[in-house]
Every structure is written in structure tokens, then in C-alpha cells.
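K.L.:
sequence unknown, structure follows:
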């Protein structure tokens with residue numbers, strides 16, 4: 001039996017590796033573009049008028065000549081000479097028999113992409129004679145971050161800059177260096193959290209695991225924190241970049257050249273198949289109940305190819321994904337594409353759509369970002385009006401073929417104390433009749449600004465909490481909304497540990513009686529997001545003086561069973577003291593610890609039980 005198992009294993013091992021090692025026709029064709037020819041391509045990009053005389057003497061048209069054709073087409077598109085771009089594609093279509101269908105598709109994209117849009121250079125307050133790229137707009141619209149190369153006079157320096165929007169002048173302020181984060185080494189800002197309280201970085205920071213790693217910094221009252229590395233399994237010994245949070249911060253999307261079962265690995269920065277992009281794929285990783293990231297999931301072969309996929313960006317609708325790729329049919333090196341998520345597996349997507357002639361050209365188009373409404377976009381590009389190298393542009397309105405599937409709802413404002421001081425409060429939101437946390441955010445500690453993006457069609461309860469202050473819950477109903485909306489609401493938190501009874505009574509129709517209350521891992525400290533649940537139970541017990549309550553504590557935190565019994569008892573006692581403080585008589589409260597969670601006398605050991613071991617349960621008794 002063992003020999004049979006080994007034989008089967010060896011068979012599948014060699015079959016799998018044989019499949020991954022067989023190069024496709026596309027890979028073989030691209031391999032004809034050598035490193036020397038790639039250098040020549042760069043020279044032709046600087047002198048496109050020399051391309052057609054060269055092509056007139058070519059006998060065999062390979063991938064190199066195809067890239068030259070793309071440069072010609074992109075040059076005409078940059079000059080808004082779209083009819084000439086079509087003529088070039090038609091002229092050379094028959095020279096590339098394996099690409100005829102793809103060239104025809106590009107012609108149709110140019111012909112059908114007739115939207116009237118404005119592509120505006122953001123001007124000298126943002127752009128310079130050097131390269132500016134990776135624009136990051138705060139969803140509030142108040143601040144723009146970007147990365148620039150050599151701007152400070154250094155030939156090796158890549159630094160992060162920011163600019164503030166001046167509403168009175170309707171313009172961006174002169175860009176400033178983000179000195180909290182910039183060092184003498186290169187660093188780049190690759191994304192922002194929706195609430196603007198976290199910035200994602202790529203650079204030469206400490207704790208680097210591989211060839212390229214992802215870091216983050218948090219905004220505090222004193223500024224941005226020292227960069228910290230994302231833990232494994234996000235970072236690895238391989239190349240990782242382009243991380244972006246999902247709108248609810250429950251997951252992250254990122255790119256990596258780590259090995260997978262779909263395509264043969266081609267390391268980033270090693271010349272292969274006509275470029276040095278490598279085979280980077282897009283992955284997603286979800287936060288689990290312990291606050292750790294699960295094993296990343298490859299988005300699958302509809303999105304990823306044997307070539308490079310970069311800079312994913314998930315719109316606030318939670319479904320529309322934008323990314324750049326040189327593996328799908330495009331006009332140049334990297335093109336921007338759009339795809340829609342079809343289910344909750346995150347591996348089934350609609351066929352990627354090239355966002356069109358107005359946003360893509362013959363060069364590297366990446367770092368595409370939308371504003372919260374989905375009507376305005378920012379990207380970096382080299383165009384006829386560029387001030388130097390790549391510049392940052394604003395696109396308004398968005399071309400129809402690039403529009404997201406759905407719109408979203410934005411709630412924004414400030415969180416303040418009663419004296420008007422800003423609070424960096426936490427925010428969690430839940431859907432009606434459920435205790436499952438849907439998402440979380442944080443107000444800025446510097447000014448109290450908060451920003452939350454919600455998918456439409458649901459009723460939400462949002463909880464604002466800050467240590468030492470009363471929790472405040474507000475209700476937001478996004479049902480029946482037919483277009484993008486934003487609501488401004490100021491939140492005032494009062495000092496103290498609970499809401500007064502009048503506020504509870506006023507809102508009692510919005511409260512539900514909790515069955516489970518959760519604690520931090522290995523701790524008897526209550527998760528503050530559940531304080532209002534307990535307050536709801538207090539109100540119920542106050543209004544029903546004949547009712548009693550049974551509190552059962554649980555724990556399984558790596559120690560002995562005796563340790564877990566003691567911790568579970570401490571957790572149950574924490575809840576008992578809460579009720580006592582709020583006037584519930586001790587004779588109405590029964591509490592004890594059960595240690596490790598059991599069902600019918602058997603210890604629960606599956607992964608889902610991890611969260612169960614951090615709870616107490618509440619049972620109403622007559």
C-alpha cells in the first residue's frame with residue numbers, strides 16, 4: 001500500500017511539474033525579445049519617427065516588432081490622433097497572424113471609446129521635471145500622496161510627498177516631503193486605508209524578509225509611526241508589493257512572485273520572456289478571528305496570467321477590481337484592466353476589460369485609483385504636456401468602460417469630545433440583527449476626521465468607541481439608495497464607561513440582546529466594542545426585574561486546563577461585576593467558568609473554536 005502511495009505521489013509530482021514547465025505559444029513568442037532588443041526598444045520610444053522606416057525592412061515579425069507597433073500606436077493616441085492609431089493597427093495586423101483577433105479587439109476599443117473626458121495635469125505644485133507616480137487620494141478628497149524619484153536632488157532617492165486640497169482656491173498646495181517616513185534610502189507609498197489612518201509602504205526598512213516587502217505606518221496624534229513590516233504570510237522570502245486594504249479592512253490584496261500551482265515562477269527583476277516584470281500574481285488574504293492574516297488565495301487564472309499583474313485596487317463597492325497587466329490584451333507594456341467579482345470565493349471573476357484608449361497607452365500604465373464616488377480617477381503617465389518624466393493626472397469624468405459596477409455610500413465627519421478636542425476613536429459596523437462585525441475603521445487622532453465606506457442595500461449599526469468614553473451607536477440605512485451619497489455626521493463622545501439610561505431607553509428599539517460577549521486573546525479584558533451589547537442587557541434586566549441571568553465563561557489559551565478554568569472564571573466575573581455596577585442585584589446573577597468549550601462532553605478542537613474560547617455566553621432565565 002505504501003509503495004502504491006509513493007508511486008501515485010511521484011506520478012502527480014512529475015505531471016504537475018511537467019504542466020508548469022511547458023511554455024505556451026505566447027511565452028515562446030515573447031522569449032524572442034532579448035535583453036539587447038529591449039534596450040533598442042527604449043531608444044525607439046524616444047524617437048518613434050524612426051520606427052516605420054525600420055519596420056519597412058523587416059522580414060520576420062516577432063514580439064519585438066509587435067512592441068514597436070504598440071509604441072507607434074501609443075504615440076498617436078497620446079496626440080489624440082486616434083484615426084491614425086487605427087490605421088497603424090490595420091496596416092500591421094496581417095504581419096502578426098497569431099495576434100489578428102487581439103489587434104481587431106484593440107481597433108474596436110479605440111472606435112467605441114468616444115467618451116468626452118478631461119485628462120488634467122495636476123501642475124507644478126504636484127509635478128516636476130522628475131518622475132511623479134503612484135498617486136494616492138484620501139477618500140475624503142482632502143489630501144493627495146504620491147512618490148517621486150530624484151526630486152530632492154539625489155540620483156538614487158525615491159521619496160513620498162503629500163499635498164493638501166485648498167477648497168477656497170480649488171487647487172492643490174505645494175507638495176511637501178513626508179518627513180516622518182522618508183529616509184536616505186528609497187521608499188514608496190503604495191496605498192492608503194479608506195479612513196486615511198494607515199499608509200502602505202514599500203522600501204528598505206528593517207525586518208525585511210525577502211527581495212521586496214510590504215510595510216505600514218499608522219497616523220497618531222504625533223504623526224506617522226515608524227514603518228512596520230506586514231507579518232507572514234503576507235511578506236515572504238519572495239517579492240511582494242502593491243498591497244491595498246479592502247474597503248472594510250477585513251482583507252488585503254497584494255502582488256507576489258511567490259511560487260503557485262497556476263504558472264511557472266519567473267522572479268521579479270530577472271530578465272525573462274522579454275521583460276523584467278517577472279510573473280507577479282494578485283493574492284487576497286483575510287483577517288481571521290485572532291486578528292491574523294490567513295494563507296493568501298491566488299485570485300485565479302481569469303485575473304492572473306503567466307506574466308505580470310500589478311497594483312490591484314478594489315473600489316468601495318467591494319466588487320470592482322482594477323489592476324495592471326502585461327498578460328492581457330493591451331496597448332503597451334502594462335495596461336489597466338477592470339474585472340468584477342462574481343462570488344464570495346474571490347477566485348471567480350468576469351473577463352478583464354481593458355479600460356480603453358483614454359487611460360492606456362504604449363508605456364507602463366499602473367497605480368490607477370478612483371475617488372469614493374467612482375467618477376474621478378488619478379494615474380501617472382507620460383503625455384505631451386508632462387513637465388518632465390511621468391506626471392500625475394486627474395481624469396474626470398471616468399470613461400464608461402472604466403466605471404465600477406456599483407456605487408457606494410460614504411459616512412464622514414469628526415469624532416470629538418465634549419470640549420471639541422479630536423479623538424482617534426475606533427469604529428466598527430454591523431448589519432441589522434447580527435453581531436458579526438462587517439468592518440472597522442479609525443478616526444484620525446490628529447484632527448478627529450473619520451471616513452467610512454459602506455456597500456448599499458443594508459441597514460448598519462456603527463459603534464464609535466474610545467477608552468475612557470461612552471460608546472455611541474448610530475444607525476445608517478442604505479436601502480433604496482440609487483446613486484452615490486455621502487453624509488456628514490459629527491460624533492461627540494462623552495466621558496465615562498456607559499450610556500445613561502435615558503439614551504438607552506430612547507434607542508431601545510434599536511438594541512438587541514446579546515448571547516455572546518468576546519474578550520481579547522489570553523486576557524480577561526473585554527473587547528470595548530461589546531460594551532454597548534452589555535448595556536442593552538442592563539436595560540432589559542432593569543425593565544424586567546423578575547428575570548435572572550446566567551453567565552458562562554470559556555478559555556483555551558495555550559496553558560493548562562486549570563489555567564483555562566481560572567481565566568474563564570475571571571472573564572465571567574468581569575461580566576458579573578459590570579452588571580453589579582449598573583444596579584443589577586447579585587441574587588439575579590449566576591456565573592462560573594467552564595474552561596475549554598465542550599459539546600456533549602467532547603472538547604471542540606476545530607479552527608472555528610478559537611474564537612469560541614474567547615467568549616462568555618449570556619442566558620436569560622425566569
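P.N.:
Thanks, I have the structure now. Because the structure is predicted, anything quoted here is derived from the model rather than measured.
K.L.:
burial count for residue 281?
P.N.:
For residue 281, the count of nearby residues is 28 (other C-beta atoms under 10 Å). The way it works is simple: take the backbone N, C-alpha and C, and place the C-beta from them, glycine included.
K.L.:
and for residue 62?
P.N.:
16.
K.L.:
and the one 10 residues further on, by the same measure?
P.N.:
In terms of burial, residue 72 registers 22 neighbours under the definition other C-beta under 10 Å.
K.L.:
just checking, it touches residue 52?
P.N.:
Yes: counting by C-beta atoms under 8 Å, residue 72 touches residue 52, with 6.9 Å between them.
K.L.:
show me where the stretch 401-550 of the chain has helices.
P.N.:
501-506, 531-543 (DSSP state H, counting those that start in this stretch).
K.L.:
least reliable of these going by mean pLDDT?
P.N.:
For the helices of the stretch 401-550 of the chain, mean pLDDT drops lowest on helix 501-506, to a mean of 45.
K.L.:
show me the shaky parts of the protein.
P.N.:
1-22, 153-156, 207, 210-211, 433-435, 496-514, 558, 597-612 (pLDDT under 70).
K.L.:
in the stretch 301-450 of the chain, which spans are strands?
P.N.:
309-314, 320-325, 335-340, 353-354, 369-370, 377-381, 391-396, 408-417, 426-431, 437-442, 449-455 (DSSP state E, counting those that start in this stretch).
K.L.:
correction: the stretch 151-300 of the chain
P.N.:
Counting by DSSP E, counting those that start in this stretch, the strands of the stretch 151-300 of the chain are 158-166, 171-172, 176-177, 187-192, 198-203, 214-220, 223-224, 228-229, 240-245, 251-256, 281-286, 297-298.
K.L.:
CSV for these, including distance to residue 31?
P.N.:
Formatted as CSV, those follow (distance: least, C-beta to C-beta, whole Å):
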stretch, distance to residue 31
strand 158-166, 31
strand 171-172, 44
strand 176-177, 42
strand 187-192, 30
strand 198-203, 29
strand 214-220, 30
strand 223-224, 44
strand 228-229, 35
strand 240-245, 25
strand 251-256, 23
strand 281-286, 20
strand 297-298, 24
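K.L.:
still on that earlier bit, distance to residue 467 for the strands of the stretch 301-450 of the chain - can I get that in a markdown table?
P.N.:
What follows is the strands of the stretch 301-450 of the chain, written out as a markdown table (distance: least, C-beta to C-beta, whole Å):
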| stretch | distance to residue 467 |
| --- | --- |
| strand 309-314 | 31 |
| strand 320-325 | 37 |
| strand 335-340 | 40 |
| strand 353-354 | 47 |
| strand 369-370 | 34 |
| strand 377-381 | 36 |
| strand 391-396 | 39 |
| strand 408-417 | 12 |
| strand 426-431 | 9 |
| strand 437-442 | 13 |
| strand 449-455 | 17 |
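K.L.:
ends of stretch 47-62, what's the gap?
P.N.:
20 Å (C-alpha to C-alpha, to the nearest Å).
K.L.:
what does it contact?
P.N.:
29, 32-33, 44, 65, 68-69, 71-72, 75, 92, 95-96 (C-beta atoms under 8 Å, 6 or more residues apart in numbering).
K.L.:
what about 10 Å?
P.N.:
Stretch 47-62 is contacted from outside by 29-33, 37, 40-41, 43-45, 64-65, 68-69, 71-72, 74-76, 78, 88, 91-92, 94-97, 99, 274, 362, using C-beta atoms under 10 Å, 6 or more residues apart in numbering.
K.L.:
picking up where we left off before, what touches both of residue 72 and residue 52?
P.N.:
By C-beta under 10 Å, 6+ apart, the residues touching both residue 72 and residue 52 are 88, 91-92.
K.L.:
please indicate which of those residues are buried?
P.N.:
88, 92 (16 or more other C-beta atoms under 10 Å).
K.L.:
please convert the shared contacts of residue 72 and residue 52 to JSON lines, extending it with secondary structure and distance to residue 167.
P.N.:
Formatted as JSON lines, the shared contacts of residue 72 and residue 52 follow (DSSP: H, G, I helix; E, B strand; the rest coil; distance: C-beta to C-beta, whole Å):
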{"residue": "88", "secondary structure": "helix", "distance to residue 167": "44"}
{"residue": "91", "secondary structure": "helix", "distance to residue 167": "50"}
{"residue": "92", "secondary structure": "helix", "distance to residue 167": "49"}
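K.L.:
dump the shared contacts of residue 72 and residue 52 into a markdown table; add distance to residue 554 as well.
P.N.:
Formatted as a markdown table, the shared contacts of residue 72 and residue 52 follow (distance: C-beta to C-beta, whole Å):
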| residue | distance to residue 554 |
| --- | --- |
| 88 | 69 |
| 91 | 73 |
| 92 | 69 |
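K.L.:
closest one of the shared contacts of residue 72 and residue 52 to residue 205?
P.N.:
residue 88 (45.1 Å; C-beta to C-beta).
K.L.:
okay, the closest one and residue 362: tell me how far apart.
P.N.:
As judged by C-beta to C-beta, to the nearest Å, residue 88 and residue 362 stand 11 Å apart.
K.L.:
what is in contact with those two at once?
P.N.:
69-70, 72-76.
K.L.:
looking at those residues, which are in helices?
P.N.:
69-70, 72-76 (DSSP state H).
K.L.:
would you mind measuring the gap between the ends of stretch 355-371?
P.N.:
16 Å.
K.L.:
ignore what I typed, I meant stretch 248-263.
P.N.:
End-to-end for stretch 248-263, by C-alpha to C-alpha: 31 Å.
K.L.:
swap in stretch 410-424?
P.N.:
Terminal-residue distance, stretch 410-424 (C-alpha to C-alpha): 19 Å.
K.L.:
same check on stretch 217-230?
P.N.:
Start-to-end, stretch 217-230 (C-alpha to C-alpha) is 10 Å.
K.L.:
about what we covered before: closest one of the shared contacts of residue 72 and residue 52 to residue 124?
P.N.:
residue 88 (33.6 Å).
K.L.:
contacts only, for that closest one.
P.N.:
51-52, 55, 69-70, 72-76, 81.
K.L.:
hmm, 7 Å instead?
P.N.:
With contact set as C-beta atoms under 7 Å, 6 or more residues apart in numbering, residue 88 has these partners: 69, 72-73, 76.
K.L.:
where's residue 196 relative to residue 452, distance?
P.N.:
11 Å.
K.L.:
can I assume residue 182 is in contact with residue 160?
P.N.:
Yes: assessed by C-beta atoms under 7 Å, residue 182 is found in contact with residue 160 at 5.9 Å.
K.L.:
shared neighbours, those two?
P.N.:
Joint contacts of residue 182 and residue 160 (C-beta under 7 Å, 6+ apart) do not exist.
K.L.:
quick one, which of these two is more surrounded?
P.N.:
residue 160 (25 against 17).
K.L.:
what is the more buried one paired to in the beta sheet?
P.N.:
residue 147 (DSSP bridges).
K.L.:
quick check on residue 133: phi, psi?
P.N.:
phi -160, psi 180 (degrees, to the nearest 10).
K.L.:
list the residues that contact the residue lying closest to it once chain neighbours are set aside.
P.N.:
Spatial nearest neighbour of residue 133, chain neighbours left out: residue 380 (3.7 Å); criterion: C-beta to C-beta, 6 or more residues apart in numbering. Residue 380 sits next to 132-135, 367, 390-392 when contact means C-beta under 7 Å, 6+ apart.
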